[in-house]
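Participant: I would like to see how this sequence folds:
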Amino acid sequence: MSGIKKLAGQTIWYGVSSIAARFIGYLLAPLLTYSGHITKADFGKQSLLYSAIPVLSIIFSYGFETAYFRFSAKKEYKDSIYSTAFLSLFFSTILFSTILWYNRAFLGAVADFADVPEIATLTIFIVALDTLNVIPFAKLRQEERPIRYAFVRVSGICLNLVLVFFFVNYCPAAVEKNPGSWVTKIYNGSLNPIVYVVIANVIQSLLTLLLLSKEVAMVRFTFNARLWKEMILYSLPMLIVGLGGIVNETFDRLMLKAWLPGTAEYRNEQVGIYNACYKLSLLITLFVQAFRMGAEPFFFKQAEGENPQKIYARVMKFFVIVVTTMFLVVSLFLPVWSKLIGPQYRVGLKIVPVLLLANIFLGVYYNLSIWFKLTHRTIVGTYITLIGTVITVCMNYALIPVMGYMAGALSTFCCYGTMMVLCYLWGQKEYPIPYVTKKMIAYGVIVVLLFSLHQLITYFVHNTFFSLGLGVLLTVAWCWFILLVEKKEFKKFPVIGKYIK
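Facilitator: Below is the predicted model:
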């Protein structure tokens, strides 16, 4: 139990910073979707651009973050792993950035910003700077320094938020009111406003690197070639996993843009609606991301102890309890969460519950994937991810012309669900972990039934206050049920246990 309490503490520390950073980032959605200066089409194209950036980031970092956690636990590499990992990413970033620089026209065309070449150039700077931040951030997590980690993360995101508001909302209004305003010295109203959104991102990435300068200064010009070869062999399958994961997570926007019938303007608007509503479903991903921040280094450290499988199983159970509760908190209170996006985007809210369940599957998959990371069989992750990618592409190709952006939600659901099941079945044969599988499935089924009951009742009673009140009642009933079923487990947590008889 002490191991789980430690993970809970790590999740809180790293998680709060991650949740705060991501939530502040989500505030960009209302800033952009409520802005009268950014059209739905431009917002859709910006979504395409930010679908391409994660793909480039995966290529630039080629799975070295996970490799860093895996090999830093070995004593013989303790003194050389940080410098080796950072120098590897540093020199490869120079190489990849140069290649990308000479192909920036293609990058702009992918996001439909061929007429705005500045965006492709700025995007290269974002990817390069973010890659240089990967290993310093991993070092903070490995050394369990959450306060500094939180400060750096949140500072960068706050600056981004302030700059986006300044460039997208304040500057256009100031110039319209007074054409001779001082802002004209740094703001060009003839530029596409998305350029300034990307500029804000570049400045954020630069500030983050500056705040991590102390960690960067710890790098020594010592390179362990033997370690590097081991890390490369371990991480290259993770590169495929990462690329496949990004395709599964973000390429539905690109496929929606390519395969949806209608004009280019209409397709961009549909991408914008899908992306705005997708952000609401990612409220669950805030917790999943927070959990991963603490869990990845924690799992590798636990592998060195006795009976780590038992700890992994209990961690999974608590994880499922939290994410199923979050599913209800989001899905039953969509009228509240929908205020985070502009009214013209809310027509797509029906996809949110589907995407919430999909992200639960993804979170469970992250938990399950520890088996092939520990056994150095990362190639298995490649196979599973490629299967998920095939499902994503095929379902989107078949369904987008018929169902529009709902096809993206359903393909994501089926993709992550399949990956979760395959990882579980494969893992139980190779590295058995005593998960309470039937109980966790039951929890998932119950919350879906509660959501369905809520939908059925509110279908006949059209009243927002009634809907929210019913949501509160069902959520409380669920929490009470969980406390009854897991009474013995919760009694072991001091903060909760003292209130349970």
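
Participant: would you agree residue 420 is in contact with residue 368?
Facilitator: Yes: at 6.7 Å, residue 420 and residue 368 qualify as touching, with contact defined as C-beta atoms under 8 Å. Every C-beta, even on glycine, is put in place using the N, C-alpha and C of the backbone.

Participant: and the next element down the chain from the longest helix seen in the chain?
Facilitator: Longest helix in the chain by number of residues (criterion: DSSP state H): helix 225-259. Of the helices and strands lying after helix 225-259 in sequence (DSSP states H and E), the nearest is helix 264-281.

Participant: next, the angle helix 225-259 makes with that next one.
Facilitator: Relative orientation of helix 264-281 versus helix 225-259 (axes from the mean of the first three to the mean of the last three C-alpha atoms, to 10 degrees): 130 degrees.

Participant: got the buried residues for helix 264-281?
Facilitator: Of the residues in helix 264-281, those buried under the neighbour-count criterion (16 or more other C-beta atoms under 10 Å) are 267-281.

Participant: list the contacts of residue 406.
Facilitator: Residues in contact with residue 406, defined by C-beta atoms under 8 Å, 6 or more residues apart in numbering, are 350-351, 354, 399.

Participant: swap in residue 377?
Facilitator: By C-beta under 8 Å, 6+ apart, the contact list for residue 377 reads residue 430.

Participant: go again using 10 Å as the cut-off
Facilitator: 237, 371, 383, 426-427, 430-431 (C-beta atoms under 10 Å, 6 or more residues apart in numbering).

Participant: for residue 476, same thing?
Facilitator: Contacts for residue 476 (C-beta under 10 Å, 6+ apart) come out as none.

Participant: so it, which state does it fall into?
Facilitator: Assigned by DSSP: H, G, I helix; E, B strand; the rest coil, the conformation of residue 476 is helix.

Participant: and if you look at residue 113?
Facilitator: Put simply, residue 113 is coil when judged by three-state DSSP.

Participant: find me the pLDDT at the nearest residue to it once chain neighbours are set aside, would you?
Facilitator: Leaving aside its chain neighbours, residue 113 sits nearest to residue 119 (4.6 Å; criterion: C-beta to C-beta, 6 or more residues apart in numbering). Looking at residue 119, its pLDDT stands at 81.

Participant: residue 119 contacts residue 104, correct?
Facilitator: Yes: here residue 119 reaches residue 104: they are 9.2 Å apart, a contact under C-beta atoms under 10 Å.

Participant: among the two, which residue is more densely surrounded?
Facilitator: Each of residue 119 and residue 104 has its neighbours counted (other C-beta atoms under 10 Å); residue 119 has more, 24 against 16.

Participant: residue contacts, that one?
Facilitator: By C-beta under 10 Å, 6+ apart, the contact list for residue 119 reads 45-46, 49, 104, 107-108, 111, 113, 191-192, 194-195, 197-199.

Participant: other SSEs contacting the longest helix of the chain?
Facilitator: helix 40-61, helix 64-72, helix 81-101, helix 264-281, helix 352-368, helix 370-374, helix 378-403, helix 405-430 (3 or more C-beta pairs under 10 Å, 6 or more residues apart in numbering; DSSP states H and E).

Participant: in TSV: the ones you listed, plus distance to residue 467.
Facilitator: Listed next are the helices and strands packed on helix 225-259 as TSV, based on distance: least, C-beta to C-beta, whole Å:
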stretch	distance to residue 467
helix 40-61	27
helix 64-72	42
helix 81-101	48
helix 264-281	16
helix 352-368	14
helix 370-374	39
helix 378-403	26
helix 405-430	22
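
Participant: ok, which of the ones you listed comes nearest residue 454?
Facilitator: Closest of these to residue 454 is helix 352-368, at 10.2 Å (criterion: C-beta to C-beta).

Participant: who are the packing partners of the closest one?
Facilitator: If contacts are counted by 3+ C-beta pairs under 10 Å, 6+ apart, helix 352-368 sits against helix 225-259, helix 264-281, helix 283-302, helix 308-331, helix 334-337, helix 378-403, helix 405-430, helix 437-460.

Participant: out of the ones you listed, nearest to residue 182?
Facilitator: helix 264-281 (32.2 Å).

Participant: where does the chain have low pLDDT?
Facilitator: The model of the chain has pLDDT under 70 over residues 1-48, 51, 73, 110-112, 282-283, 293-294, 303-305, 492-501.

Participant: ok, 50 please
Facilitator: 1 (pLDDT under 50).

Participant: helices along the stretch 101-250 of the chain, start to end?
Facilitator: Listed in chain order, the helices of the stretch 101-250 of the chain (DSSP state H, counting those that start in this stretch) span 104-110, 117-142, 146-164, 171-177, 193-211, 213-216, 225-259.
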